[in-house]
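> Build me a structure from this.
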Amino acid sequence: MFLAKAFGIAGVSPSQLHKSVSEQSFFAIVVEVLLDVALLTYLTAQVRLHFGLPFWRTIGWRRLETGTTPRGLAYLGLLGGGFLFSLMIQLSSAAFAPKTKLPIENFFQDRRSAILLMLMAVIVAPVIEETIFRGYLYPVAARSFGVTGGVIVTGTIFGLLHAAQLWGGWGQIGLLVLVGIVFTAVRASTRTVVASYLLHVSYNSFIFLAFVVTSHGFRNFPAGR
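From the prediction side, this is the model:
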C-alpha cells in the first residue's frame, strides 16, 4: 500500500502499473531493495540485541588474511577472478540458451529499469546476499553438514532462490547454483565474507559492463517493452 501510494505521487497509477511491463519491473526492483534492507536490519538487531555481539564481525566480515601475499595483490586477484569466472559462466550460459523468454529479461526492456537493476546488482546485492548466505546461513549449514556439505547446501539454496528470475532456463539455474557453491567455497577457504564479497562484486560488474557494451550504452533494448 505504501509503495502504491509512493508510485501514485510519482505519477504512476495502479492501472499503469498493471499494464506496463516497464513499471512492473521498476516496482519489483524497488520492492526487492526494501525487502533486502528490512532483512539486513532484522539480522543486525538479532545479533546485536539478542546475542549482544558486534554484527559485522560476528556475521563473518573479518579482515582477509593474505599471509605473505601483499593485501592489494590478493584483492586484485579476487576481483580479477570474479571477472574471469563471470566470463566463463556467461559463455557456458550461451551454450544452454533457453527456448523461451526468461522472466529476468523483463527488467531489460527500458533504460530506467536496466540501470536500476544493474546498480542494485553491483552495489546492493553483493552486500546483502553475502551477509545472508555466506555470513549467516553458511556457518549454520557447516555446523550441521560439515564444511563441504555446508558449501554445497548454501550454494544450492543461493542458486535456487534466484530460480524464479530464470524460470525456464534450467541450464542457467544450474550454473547459478554452481556460482553459489564457488562463492561459498571461497568464503569457507578464506574464513571471511570479504573474499566472497569481492568475488561477487566483480562477477556482477562484468555482467553490468557486458550489458553496457551490448546495449550500446543503454540505448538499444529488445522489443516488447
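
> Okay, now the unreliable bits of the protein?
1-21, 222-225 (pLDDT under 70).

> give me every residue that touches residue 137.
154, 157 (C-beta atoms under 8 Å, 6 or more residues apart in numbering). The way it works is simple: take the backbone N, C-alpha and C, and place the C-beta from them, glycine included.

> Quick check: which element contains the most centrally placed residue in the chain?
In the chain, the residue lying closest to the centroid (C-alpha atoms, centre = their mean) is residue 125, at 4.3 Å. Per DSSP states H and E, residue 125 falls inside helix 125-129.

> Determine the three-state secondary structure at the residue located most distally from the centre of the chain.
Using C-alpha atoms, centre = their mean, the residue of the chain lying farthest from its centre is residue 68. It sits 31.2 Å away. Of the three states, residue 68 takes coil under DSSP: H, G, I helix; E, B strand; the rest coil.

> next one: phi and psi at it?
The phi and psi values for residue 68, taken as degrees, to the nearest 10, are phi -90, psi -10.

> Which residues are in contact with it?
Residues in contact with residue 68 (C-beta under 8 Å, 6+ apart): none are found.

> Can you name the helix or strand that residue 43 falls in?
helix 21-45.

> Can you give me the buried ones in that helix?
22-29, 33, 36, 40, 43 (16 or more other C-beta atoms under 10 Å).

> packing partners for that helix?
Judged by 3 or more C-beta pairs under 8 Å, 6 or more residues apart in numbering; DSSP states H and E, helix 21-45 is in contact with helix 2-9, helix 14-19, helix 111-119, helix 125-129.

> ok, so of the buried residues of helix 21-45, who is nearest residue 217?
The nearest member of the buried residues of helix 21-45 to residue 217, counting by C-beta to C-beta, is residue 22 at 18.6 Å.
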